[in-house]
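Q: Provided below are the primary sequence and the corresponding predicted coordinates.
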Protein chains: 2
Amino acid sequence: MNKYAVVLFNLGGPDSLEAIKPFLFNLFSDRDIFKIPVGQKIFAKIMSVFRAPSVKEKYKRIGGKSPINDWTRLQQSMLQQELQKLVPGIEVYAAMRYWHPTIRDIADKVTEKAFDKVVLLPLYPHYSITTTGSSFNEWKRVYKGEAEKLTYVYDYFDNQRYINALNERIDETILRFPENVRDDIQLLFSAHGLPESIAKQGDPYPKQIDKTVACVMKARNFSHGYHLCFQSKVGPAKWLKPSIDEMIRGLAEKRKKQLLVIPISFVSDHIETLFELDIEYRMVADEANIENYMVMKGLNNSKTFVAALKELAVQALQNQSVIESQPVKKNG
Amino acid sequence: MNKYAVVLFNLGGPDSLEAIKPFLFNLFSDRDIFKIPVGQKIFAKIMSVFRAPSVKEKYKRIGGKSPINDWTRLQQSMLQQELQKLVPGIEVYAAMRYWHPTIRDIADKVTEKAFDKVVLLPLYPHYSITTTGSSFNEWKRVYKGEAEKLTYVYDYFDNQRYINALNERIDETILRFPENVRDDIQLLFSAHGLPESIAKQGDPYPKQIDKTVACVMKARNFSHGYHLCFQSKVGPAKWLKPSIDEMIRGLAEKRKKQLLVIPISFVSDHIETLFELDIEYRMVADEANIENYMVMKGLNNSKTFVAALKELAVQALQNQSVIESQPVKKNG
């Protein structure tokens, strides 16, 4: 029997307060995001020491660690369970760009196990050099197996099941608003920002984000007013606009009092949703007299999202003529 | 090498909207909770058909399924990872009283694998016949292996690591309140209720809940005002008092405006925390003009809670002279 694998890619996050500094060091060492001509390691060292204390205060307020590893592990195990119904014995791994298990750990395992086909499937629906690109580059640097066994999934920002998963979460969050204001809700899509300079180099991320928002709104027949903004800007450079705080204040000025915030570029909760959106920008909303400010939870354990991942993995294997050419027996 | 296992017990919950009816059927079939003299199956059938539609509306508002299976699966995998550092090869299972994998499924697996020692460890810190008792009874009905291999952990309501895990979550939730009101927060411990008749038969549950609250408050040096109430009453019989809605209204009358609700008898989020506390009773709090109403999230992926489970498992194995008599090699 042929042996297949799927590798999921995600950022990873610190799994304890002590892990914050080494995590930040790994992040600032990434030359696909921070390209320092000389002294990358020194830069990473300084930045991680410098930023760790303030980042630590944030993690203390959301459970002392990032939940991203836990959600990714759950998505991995849900996907494996679903895929094994169709492709017995298939194994699913999760590889973390900045934490454990690292991309190198998983690449070594995949090489060692000599799979016949391997699908590389990022947990980023939108392609950016800073996320999927960086992960694929790292994979290429450390993978020692045969390249022809690999299929890269670059993006799936318009996959219908992924769109459905988002709409299920939106619908469920709408029901948290008092009944008499539900028609007045403004849907505020918030995507992780990107330096303008990277967007200008042709990074497809901003356009793919636009398309996801369009797909979601079309699928829900434009049920509510909607807006797109960007979060998580760091540093002095220009980033994609509008920023979420401008957007919240602007909507408040237009007497919009009901805000449903939709994290659009993340597939599970982490510090950007739990702290930045749900604690930090809630204060902005409170000050601006927003009446109801609800942050949609991440796709996390959504079965519909896992069904999207399953569909993408199966499509990738079919393109490799794995499933077509070899009818799979349920008890095989 | 000797082979060891730990079996975690939990309720389980419907993993899709379609699963609600069969889940309720299993629940109403439990004679440790609903003792129908004749016609238990007919009672369970009628009740599950009758209640499914309204229960479905609630699940639609929290993600279309119960997260309890996912959290339990994660706790199982985190505990296994931690235990294997100490006891190589040890396996951890999760058995669900009313859903899959059932207690029978896991009992069969444990019998088949012929472990030398098995620890039965409920995910209920407080003993009640309706939870731990019911699970252990079911285990005894279906387990076909040797009884002397088993160690039952009955409760751990005052385990210090469990208490610490609760306090970490409380501290983190306090930081969600605006800074200037944090001293005014009232800690509202909410435990799943129990019919008075069961309490009067000597069920240790109410006293153990009292003790947990006392341990938590002592460990935090009685930082805030605190109160204990009970939730989730169903049917016309008398249940433990005070009920949470009475308590919320009573506190509002006493001009207490800052409420932090602590689910005390659950170790992960499910419908009682996500719907009942966070949606249903939030409305009661809104009507009573509570200013800030925050529901603490479940222990879920808390590493400190997993450390408590690890300690309990290790203690149980030591009582069985497993670890004492046989020093474990890390690479053994």
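A: The structure has been received and is ready for your questions. Residues are numbered from 1 along each chain as shown, chains lettered A, B, ... in the order given.

Q: from the chain's centre, how far out does stretch A:220-239 sit?
A: Relative to the centre of its chain, stretch A:220-239 is centred 15 Å away, using Cα atoms, centre = their mean, to the nearest Å.

Q: Buried residues, that stretch. List them.
A: Neighbour-count burial for stretch A:220-239, counted by 16 or more other Cβ atoms under 10 Å in any protein chain shown, picks out A:Arg220, A:Ser223, A:His224, A:Tyr226, A:His227, A:Leu228, A:Cys229, A:Phe230, A:Gln231, A:Ser232, A:Lys233, A:Trp239. C-betas here are computed from N, CA, C, even on glycine.

Q: hmm, that stretch in reach of chain B?
A: No - for stretch A:220-239, no contact with chain B is found by Cβ under 8 Å from any Cβ of the partner chain; the gap never falls below 15.5 Å.

Q: who's in contact with that stretch?
A: The contact list for stretch A:220-239 (Cβ atoms under 8 Å, 6 or more residues apart in numbering or on different chains) reads A:167, A:170, A:183, A:185-197, A:209-210, A:213, A:217, A:240-244, A:246-247, A:251, A:256, A:260, A:264, A:272, A:276-277, A:281.

Q: What residues are bridge-paired with A:His227?
A: Beta-bridge pairing of A:His227, defined through DSSP bridges, involves A:Leu188.

Q: Check the gap between the residue in the stretch 151-300 of chain A positioned nearest to chain B and A:Lys35 for me.
A: Here the residue of the stretch 151-300 of chain A nearest chain B is A:Leu175; by Cβ to the nearest Cβ that distance is 4.5 Å. A:Leu175 sits 45 Å away from A:Lys35, going by Cβ to Cβ, to the nearest Å.

Q: So for those two, which residue has more residues nearby?
A: Applying other Cβ atoms under 10 Å in any protein chain shown to A:Leu175 and A:Lys35 shows that A:Leu175 carries more neighbours, namely 14 against 8.

Q: on that earlier part again, could you list which of the contacts of stretch A:220-239 belong to strands?
A: The strands, defined by DSSP state E, take in A:Gln186, A:Leu187, A:Leu188, A:Phe189, A:Ser190, A:Ala191, A:His192, A:Leu260 from these.

Q: State the number of residues packed around the closest residue to A:Ala199 other than its chain neighbours.
A: Closest residue in space to A:Ala199, ignoring its immediate chain neighbours: A:Pro206 at 5.3 Å, by Cβ to Cβ, 6 or more residues apart in numbering or on different chains. A:Pro206 is flanked by 19 other residues according to other Cβ under 10 Å.

Q: what's near enough to touch A:Pro206?
A: Applying Cβ under 8 Å, 6+ apart, the residues contacting A:Pro206 are A:Leu194, A:Ala199, A:Leu240.

Q: any idea which of the residues you listed is the one closest to A:Leu24?
A: A:Leu194 (19.3 Å; Cβ to Cβ).

Q: Leaving out sequence neighbours, find the closest residue to the closest one.
A: With Cβ to Cβ, 6+ apart, the residue lying closest to A:Leu194 is A:Leu240, at 5.3 Å.

Q: Show the pLDDT at that neighbour.
A: Predicted confidence (pLDDT) at A:Leu240: the value is 95.

Q: How about the contacts made by it?
A: A:Leu240 neighbours (Cβ under 8 Å, 6+ apart): A:Ala191, A:Gly193, A:Leu194, A:Glu196, A:Ala199, A:Pro206, A:Phe230.

Q: for A:Asp183, same thing?
A: Residues near A:Asp183 by Cβ under 8 Å, 6+ apart: A:His224.

Q: from memory A:Ser48 sits against A:Phe25, does it?
A: Yes - shown here, A:Ser48 and A:Phe25 form a contact pair, counting by Cβ atoms under 8 Å, at 4.1 Å.

Q: Which element, helix or strand, includes the residue nearest to A:Ala199?
A: Here A:Pro206, judged by DSSP states H and E, is contained in helix A:205-219.

Q: how many neighbours does A:Tyr59 have?
A: A:Tyr59, neighbours per other Cβ under 10 Å, totals 22.

Q: That one belongs to a strand, doesn't it?
A: No - remark: A:Tyr59 does not belong to a strand; assigned using DSSP: H, G, I helix; E, B strand; the rest coil, it is helix.

Q: what's the distance between it and chain B?
A: Distance of A:Tyr59 to chain B, given as Cβ to the nearest Cβ, to the nearest Å: 10 Å.

Q: Report the separation between that residue and A:Val119.
A: Counting by Cβ to Cβ - A:Tyr59 and A:Val119 are separated by 32 Å.

Q: Up against chain B, what does the stretch 51-200 of chain A have?
A: A:60-65, A:67, A:70, A:73-74, A:77-78, A:168-169, A:171-172, A:175-176, A:178.

Q: The residue of the stretch 151-300 of chain A closest to chain B touches B:Arg61, doesn't it?
A: Yes - between A:Leu175 and B:Arg61 a contact is recorded at 4.5 Å, counting by Cβ under 8 Å.

Q: Name the residues contacting each of the two.
A: Residues touching both A:Leu175 and B:Arg61 by Cβ under 8 Å, 6+ apart: B:Ile279.

Q: in which helix or strand would I find the residue in the stretch 201-332 of chain A that chain B sits nearest to?
A: Nearest residue of the stretch 201-332 of chain A to chain B (Cβ to the nearest Cβ) works out as A:Asn301 at 4.4 Å. Following DSSP H and E, one finds A:Asn301 outside all helices and strands.

Q: The closest residue to A:Asp105 other than its chain neighbours: what's it in contact with?
A: In space, and not counting its chain neighbours, A:Asp105 is closest to A:Ala95: 7.2 Å by Cβ to Cβ, 6+ apart. Shown in contact with A:Ala95 (Cβ under 8 Å, 6+ apart): A:Val7, A:Leu8, A:Phe9, A:Asn10, A:Pro101, A:Thr102, A:Ile103, A:Asp105, A:Ile106, A:Ala107, A:Ser135, A:Trp139.

Q: can you tell me which of those residues lies nearest to chain B?
A: Comparing those against chain B with Cβ to the nearest Cβ places A:Pro101 closest, at 11.7 Å.

Q: Thank you, goodbye.
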